[in-house]
Structures are given as structure tokens and as C-alpha cells.
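Trainee: Coordinates for the following, if possible.
(2 chains)
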Amino acid sequence: MRLPSSSLRPRPRALRRALPVALGAATLLTLTWRAVLAQDPAAMPAAPARAPVTGRVYFAGKIVAPAPITPHHDPEVCAKGGPLVDESLLAADDGGLANVVVVLQGVASEQLPEAGTATLDQRACRFVPHVRTVTMGTTLQISSSDPVLHNVHAFLGKRTTFNLAIPVPGKLVERKLTEPGILRIRCDSGHTWMSAYIAVVPHRYHAVTGADGSFSIPDVPPGEYRVRAWHEKLGAVEQKVTVASGEAPAVRLTFKEPSAEDPASRPADTQLRDALTAARTAIEELEAQRRGDERSRLAREGAPLFQRYCATCHGRSGDGRGPSVRFTSTPPRDFTRGTYKFRMTPAGSPPSLDDLVRTISVGVRGTHMPAWKGKLTRTQIETLARYLTTLSDAFWSDAAPPTPLDIPAEPPYDGASVARGKALYGKMQCATCHGDDGHGDGPAAKVLRDDWSNRISPANFARGELKGGCCGAVIYRAISTGLGGTPMPSFAGAMSPAERWDLAHYVLSLGHKRPAIEYLLRDPAGRISSP
Amino acid sequence: MKPVLFAIALAVAVLVSSPAEAVPRFAARNGNECIQCHISPTGGGIRNAYGRNVFERAWLPRAAAPRREDYVVKPRPAGGAGDNAGGQAGADSDDDSDDDDVVFDPEINPWMVLGGDLRAAYIMIRPDKGTAPGEDPEITNSFFLMQADLYHAMTLNKHVTTVLDIGAYSGFEAWALFHAKPEPSEYDLMLKVGRFLPAFGIREVEHQLFTREGIGLGAADRDTGLELTGFAGPFTATVSLLNGTLGDTAFDTHGTERRRFEKAAASRLSIRGDAGWVRGQLGASFYWNQNNNQANPLFGRSIPSADAAEVGAGVEELRAGAFLTANLGRFTYLADLAWVRDEFSSDRLSTLRGYTSYQELSFLPTQGLDVIGTFEFADPDLDLLDNSTARAGLVVEFFPWPFTELRAMVRRTWSDASPTGGAWDVVVFSHLFM
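Mentor: As a prediction, the model looks like this:
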């Protein structure tokens, strides 16, 4: 709120009274600070000695050899690293359990170390390492050593946080990890066995157990802590530990055989994420309160429209389970996760308000989602868009809004651009899902699933109809930001803007070639809203 | 009454009967069942929230085509925290403001909704010849109100809905629907209780088809009873128990005059399939009326006028039908076959058997515009040689705006049973619906 200019002008009488008080206070502060600086450093009390917290994590259940995995996709590449095995439970003969995330809890707030980097490679169709921990703010450097398409599709809980394509060996794609929690990572490009976990911790005291189950967390200040261990399959256990000055007892943590009744095994990542989330400062709480009030207001304004026009498909709570879904081949979007296909925002980010307004206005081709522009007023569409933001926490995080994609001017659509795009189509391994001719029949097409585990088919470019709509810019956008909730990753880190335009032109050219028979017999006739 | 006047009266009566039906072509095209758009699980009448708010408003009419720039807009400058959710959308703020437009909605409140169908038409019927040798054919040339139906539905709770349909011509429907699984599930079960049209074959909007009114399934042929509909995966089954007094007045007084527990039963079973680019439905229907009080309309000309009074002694009627819908891209095909048998209580009348068929092939050049070719055939004696009637039509349907239909139809009838022979008819009408 802008104050009237008169309120900013000091009043002469008040100034005369305040000036002596201010001068006195400044003098006192100066003297005190000089006295502190004058002290001998040797005379100051020494900081307590830090000590490493070490220990081992055991598995008390039946130890069996890891199950072998037969790669049904890209077998010649995936077999190069030796036999593939299920890495979800690796225990030594004495029970030492590998790949366990170990985190100290109860750590006093301290400044995070300078943000570093951590790597995640894809080697012979495995994520390397399978499990790792990083301090919040770390930049993850993702690479691939395989000459096949991989993508790193990361989930926090059920929500996609990023989905990045790594189509070229040696290419490095970076992603800063700013949200605490355990990222579950998978590859959608037909390598259904590939998985990894990255624990993003809001302090520096964390480790992952080695092959024998041992771990070490260095430089822990004295104090009482809880050592919490999390395993992807076994859940979480914890134990108290006291670090005295310069020494700490060894910790022994034991996981039991998992059982369906064990509640700890189910919400483990959720529990840990909650525990990892640092307490908010008072200012943050106030800001959260303000946002909460705003969210409630938007929800009140938009609910009547949503219930009237949207709930029949998307459900009254926006979970995509409305009464009209029985006969719909494409499931309506579940808004509660905040995951949207068509965005100008980076992969893993919620869409902007403009993104939502646009999708509501133009609809989603080939599905039951119609174009509402002209049927609802602009104001109603905006109200609905704001209401959608209230259905998911993803829109209301503390983080600053992501920078939207800037689409450069479209270069000429000509034979040279299409030819370059065709070469990129091969180099970026697009055929893995979309097929050699863009018919959506690539070798990985049959195993693709969306974030809700529904079967999903890659786009058939030869039809010339894309769900996102017409035009090269829509394809450019999909290449750049990916399609949220689907296996389609972002290629922004793998291609320059000019290359993305070339690839978009090639995809467009596939649709231009379609014969009349495609128009007559392949269009989803009841769901046409072409410009 | 002169035969000419009778023919005109009959033609008008046929056309003015309330066609408060569903459009199976839409369901077939989208791989749906009637209940996707209608409150009634067997279709027709008042639409549900999807039908009135999604399909009618946005999918059916000719779309105001989104502009190319509607699909991708330039990003606006990033704002502060929270702006992503609650800020003003504005990147395409050059968009024409339409906030002054009235957005019609028949939903009065969350538990009460109105609906309606209003059809006003122009009709021209030109028979090939007059009713008597040497007479000129009598041409019908008239404007008239085809239909004026007002619907009302109330949701008492998530399991119970009541529906009332008051038509200007065809009496009314009134029923309650008990819904076992209102939330999405693998199966569903609904019980309809009241007065409604029994489920049989394809419930085509053209009520005067040989497979609809031609066999006693016209808009006026409501009956009173129970109807149970179940959905399980691709299967849909409907079973109903009815008074069997089709074509009666609103209160089914004939039902009270029956001496014993004489009822009618109807059933309809179908299976849907979807192979991605082709989808369809295959089904069968049965109807058995233990003791009807009139002969099936298919046999109207087969009963000598001298024996017409004998029909009232009772008729046991059996109908069996099969139907198929298929959609391939922009083409949609519907086929409906019905076989009918009437056994009369009177010894003076012999058993009659006949069949009718309806086929329709439609093409959708663009959203909101349908071009449809139809072919019908009716043979009341199964011999395919005489007394048969065939009819072919060409229809153009246009939905320029939400809740608005313009329709033009040209049909040619060939008949060796009618004294006027064949006929050309042209019908143009406007249809407002909600």
C-alpha cells in the first residue's frame, strides 16, 4: 500500500525530541563494539569439538540374492554393464544394508554450506548412484553414458518435480534441488526397471550406507540427535544419539522384514519429508497466513463455476473422478497434484495463470475437454483458472514463481529447417516413443504410463492433430517444457532454441504429409475443434 | 373423413408427436452410452450436467475456432511470490472482452435444473398420386410447432433424482431414478420407477422412423413400471417390467381394467468396444407384451377393417431386435433391426409377423455440421415382395451455437402398400434445446 506523501515527512517538533536519544544510543553501541573487538581471541572460550557420527544399518529379515532383470528394451546397451539386478534391497551376508539414507534430526539451525554439485549418471540402463543424499541447494548434474534415450523423471510424493530428457551421451543437464524431501526417479523411455532416490536434506548432516551397511556423518557438533534411516522398500527407523565434545558412540540401526501391516513402510518418504521441512520463521508464517487467506478467497469465488461446469468430469474435489468419466477414454485431469501438461513454465513447475486460462479457453484436442472460449466469459475462465490453483499446494509454495519459457521468433519453415529437424529427431531419440515415422509406435510406446499409472500413448505426429493444439510454437513448447504428468520430458537442456524450432518444423512436416484417409478415418470425429 | 384429410391429419400427427429422444449418433461417435449426456440411463429427455454444460455448450456446436495465437502466448514478466496463483492473467489481454454476454444456464440451483426442447418446422409432403384414381396428389405445405417439452429434474440426494417431462403433445413422463453408485466405479446400478418409454433398440431422435413409431415405440408410447439398468465394464443391460399399455393416456387406465396380472417385459443388452481408431456397440433387445389392447402399428394395413374390432380382445406381442453402432474417424454408422410378432386372442385373426430396419451413415466435416444418409425398410409380412415400404433420406444438421440446431431433410418414400404410392417430403426446422 502506498502511503500519502505527507505521512513520510518528519515533523520538526518530534525531530527535536528524538535527535538526542538517537545520538546517545549510537555512542553506546559504538563503545560496546570497540570493546568486543579489543578482546584477545585466545581469551575467548573455544568452540566445542565436533565428531563424526558413524554406524551400521542392518536388515534382520531373510536375505536373498537380488532378482535378475531381463531388459526388454535396448538389451544390447543395457547388458553392457553386466547382468541387471533389482537394486531395491541389497544386503550383505551379515545383514549390512546398502543404499539406506541416514539423516540427523534435531540439528540446530545453521547456515547451509555453499551450494555444491552432485552427479547422477545413467550407465548401462541403471541410475548411478541408485541412492544418494544431497544438501538442499545442491545442483544435480545429470548425464548419460548410454547411446539411447533416457529421461530423469523425478517425483516428490506423487507430484512430478522435473522430467528431463538425456538423449545424448556426455550431455550434462543441471537441476538445482531446492525442495527438501526424497525424490523418486524413474526413466519412462522403456527402461521400466530404472529407479533411483535422492534425499534432499535442509542441512549438511546426512549419508548413504555403503555395500556393508556402514555410514559416517562427519563434523557433527555436540548435542542430542535422532538418527533417522530410510530405505526405499523397508521404510524408516530411528535411534537417539548423543554427541559429546569430540566423540560419539557408534550407531546400530536395524530394519525388520517388511509387512503389509507395518505403517512405517508405507508413508516413510512422507514422514521423512515432513521431518526434513525446517520450521518456518515468524515472517514466513505470516506470509503463509496471507497466502492461505488469499487461497480461501479464490476458492470461494471459483467454486460455484467449477462445480457447475467442471465437476461432472473433474470431480467435485478436482481429483478427476467426476460422474461422467465412465465412458471417457482419456481420464480427466486430477487437479489436486498441480501437474499440468501444457505450460510455459519449466518442467516440474506448476503452470502460470495464463497457461491455465489458455487451456480452458482452447480445450484439449482429441479428448472430452472442450474449448470454453466463447461459451464462458473471459472473467469466468480466469476465475476458474484461479480456482484450479487452490486445489494444489504446488501453486502456493514459498518459492518465487518460475520464469516462463521465452519462445523466440519462429524461423522460416523451409526444407533446410525440416531436414535439420529430421536429423535431430534421430539424435534426440524421439523414435524411442514416437516411432521412426512419428506414428506413436516406437519400441517404448507400449510400456508408457502417466503419473497416475494409466497407460498412455505417445502422440501420433502423422495425424497432424496434437492435444496441445496447432502450430509450431505448441510443439516448441512441448519440447522445451515437457508435458507434465506424462513421460514426455523437457529437452530444454539438451537442445538450443534454434534446434528446438528445427525439430518442431520436422514434427509439423510429418502432419502435413498425412493422406486423406487419415483425415477421413483417423480423426476423433466427435472431438474436433481445429482452428 | 375424406381420405385426403385423413392422410394430412396422419402426417401432421406423426410429425407433431414429441420427439424427446436422444441422439445415438453422438454417443456412438464418442464411444459413450446415452447416460453420458442424459439423466435417464436409457437416454432421451432432460440432459445431465455433462450434456448441458459440456457437450451441448462446447462440443456439439460449431466452435468459434481458436485463433493460432490462442494456443501459445508470450510470457508476461514474472511477478512476486503468490502471483502465480492469484495474479491477473493478462498475456493475451488484447482478447476481446465478452463479459457483457449472457451465459445461459438452466441450472436453477445445485439440486434443481430445467430443460426443454422446442421445435418449429416447415413441412412439405408431395405424394406421387392422389388417393383415388385420377385425383391430383394432395400436397401438404405448412408451418407448425413440432415439439414443446419442458423438463424438470430435482436431485433429492446423491442417490435419488426425480424427473418430470411435460410435453405439449405427448402427455408426460414422470419417474424417479435410484442410483446405487453415484461416484465412479467399475459397475453401476440404477432403478427407474414411473412412466417412461421402454428401452428397445436404438433410441433415435427421429421418432417417426419405421423402427420407432413404426413398431410402437413412438414418443407417445410411454408405459408405467420399473426399469433396472446396470453398467459393468463394456456391458450395459436393462430389464423392465411394465403395465404393457403403450400409447395409453397418462394414467394407464387400461392397466386397471386387466383381469389378471398381465404385464409387459422389456430388456436390452449391449457391449461396447473401442480399438482406438474404431469404436462401436453391438446389442440385442426383446419386448414381450402378454396382452396388449392394440395391434402393432407395423400391421396397421394388414388387418382387414372388418376385423379391426377383434383386436381389442387381446394381442400377445413379441419383438426382438438387434442393433449395431460403429464409428470410424468422421463416419458413424447405425443399424437397427426389429422383428415383430402379434398373436391375437380372436380366432378370426391370424398371427402376423414382420420386420423393420433403419440404417444411417453420417459424416462430420467439421464440428457442428452433420451430413446424414438414411435408409429404412418395413415389411409387415416378411416376404419382401409386397406391402413393403422403403424410405431414403438426406439430412443436414447444423449446430451454429450452443443449444441451437437447424435441420433440413429430404426424404423419398417408395411404398406398394399405400394408396398414394410413394412421396417426397421436405422438412426444415429449428430446434432449441437445453
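Trainee: just checking, what packs against the helix or strand containing residue B:231?
Mentor: Assessed by DSSP states H and E, residue B:231 sits inside strand B:223-232. Contacts of strand B:223-232 with other secondary structure elements, assessed using 3 or more CB pairs under 8 Å, 6 or more residues apart in numbering or on different chains; DSSP states H and E, are made with strand B:187-196, strand B:235-242. (Each C-beta comes from the backbone N, C-alpha and C, glycine too.)
Trainee: Nearest to chain A, out of those strands?
Mentor: strand B:187-196 (7.2 Å; CB to the nearest CB).
Trainee: List the strands paired with the strand holding residue B:231, with their directions.
Mentor: Each strand that strand B:223-232 pairs with, and the sense of that pairing, follows from DSSP bridges: strand B:187-196 (antiparallel), strand B:235-242 (antiparallel).
Trainee: Return the set of buried residues in that strand.
Mentor: By 16 or more other CB atoms under 10 Å in any protein chain shown, the buried positions in strand B:223-232 come out as B:223-225, B:227-231.
Trainee: what are the ranges of the strands in the stretch 51-200 of chain B?
Mentor: Using DSSP state E, counting those that start in this stretch, the strands assigned to the stretch 51-200 of chain B run over residues B:107-109, B:112-127, B:140-157, B:160-167, B:172-179, B:187-196.
Trainee: circling back: present the helices and strands packed on strand B:223-232 as CSV; the columns should include distance to residue A:317 and mean neighbour count.
Mentor: Formatted as CSV, the entries for the helices and strands packed on strand B:223-232 read as follows, by distance: least, CB to CB, whole Å; neighbours: other CB atoms under 10 Å in any protein chain shown:
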stretch, distance to residue A:317, mean neighbour count
strand B:187-196, 20, 19
strand B:235-242, 28, 19
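Trainee: Mean pLDDT for these - can I get that in JSON lines?
Mentor: As requested, the helices and strands packed on strand B:223-232 are arranged in JSON lines below (pLDDT from 0 to 100):
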{"stretch": "strand B:187-196", "mean pLDDT": "93"}
{"stretch": "strand B:235-242", "mean pLDDT": "96"}
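Trainee: Looks like residue B:264 contacts residue B:226 (just checking).
Mentor: No. With the criterion set as CB atoms under 8 Å, residue B:264 and residue B:226 do not qualify as a contacting pair; they are 11.5 Å apart.
Trainee: what is in contact with these two at once?
Mentor: Residues touching both residue B:264 and residue B:226 by CB atoms under 8 Å, 6 or more residues apart in numbering or on different chains: B:241-242.
Trainee: circling back: closest one to residue B:422 among the helices and strands packed on strand B:223-232?
Mentor: When the helices and strands packed on strand B:223-232 are ranked by proximity to residue B:422, the top entry is strand B:187-196, at 35.0 Å, counting by CB to CB.
Trainee: Now do that closest one and strand B:160-167, the angle between them.
Mentor: Between the direction of strand B:187-196 and that of strand B:160-167, the angle (axes from the mean of the first three to the mean of the last three CA atoms, to 10 degrees) works out to 40 degrees.
Trainee: returning to what we had before: and of the strands of the stretch 51-200 of chain B, who's closest to residue A:429?
Mentor: Within the strands of the stretch 51-200 of chain B, the stretch nearest residue A:429 is strand B:187-196; the backing value is 42.2 Å (CB to CB).
Trainee: Any chance of a markdown table for the strands of the stretch 51-200 of chain B, columns distance to residue A:249?
Mentor: Output for those, formatted as a markdown table (distance: least, CB to CB, whole Å):
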| stretch | distance to residue A:249 |
| --- | --- |
| strand B:107-109 | 68 |
| strand B:112-127 | 71 |
| strand B:140-157 | 63 |
| strand B:160-167 | 67 |
| strand B:172-179 | 64 |
| strand B:187-196 | 59 |
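Trainee: which of those strands has the lowest average pLDDT?
Mentor: With a mean of 89, strand B:107-109 has the lowest mean pLDDT of the strands of the stretch 51-200 of chain B.
Trainee: quick one: buried residues of that strand?
Mentor: Going by neighbour count (16+ other CB under 10 Å), the buried part of strand B:107-109 is residue B:107.
Trainee: Give me the residues contacting it.
Mentor: With contact meaning CB under 8 Å, 6+ apart, strand B:107-109 is reached by A:308, B:49, B:52-53, B:113-114.
Trainee: in the chain, which spans are helices?
Mentor: Let's take chain A. Across chain A, reading from the start of the chain, the helices by DSSP state H fall at A:12-38, A:75-78, A:268-276, A:282-305, A:311-314, A:353-362, A:378-389, A:415-427, A:431-434, A:472-481, A:497-512, A:516-521.
Trainee: please go with chain B instead
Mentor: Defined through DSSP H, the helices belonging to chain B, from first to last, are B:3-16, B:24-30, B:49-50, B:68-71, B:83-86, B:253-257.
Trainee: For these, which has the smallest mean pLDDT value?
Mentor: Comparing mean pLDDT across those, the weakest is helix B:3-16, with a mean of 45.
Trainee: Up against chain A, what does the stretch 201-350 of chain B have?
Mentor: Taking CB under 8 Å from any CB of the partner chain as the measure of proximity, the stretch 201-350 of chain B contacts chain A at B:231, B:272, B:274, B:277, B:327-332.
Trainee: Now with 10 Å, please.
Mentor: In this structure, the stretch 201-350 of chain B approaches chain A at residues B:231, B:233-234, B:272, B:274, B:276-279, B:327-332, judged by CB under 10 Å from any CB of the partner chain.
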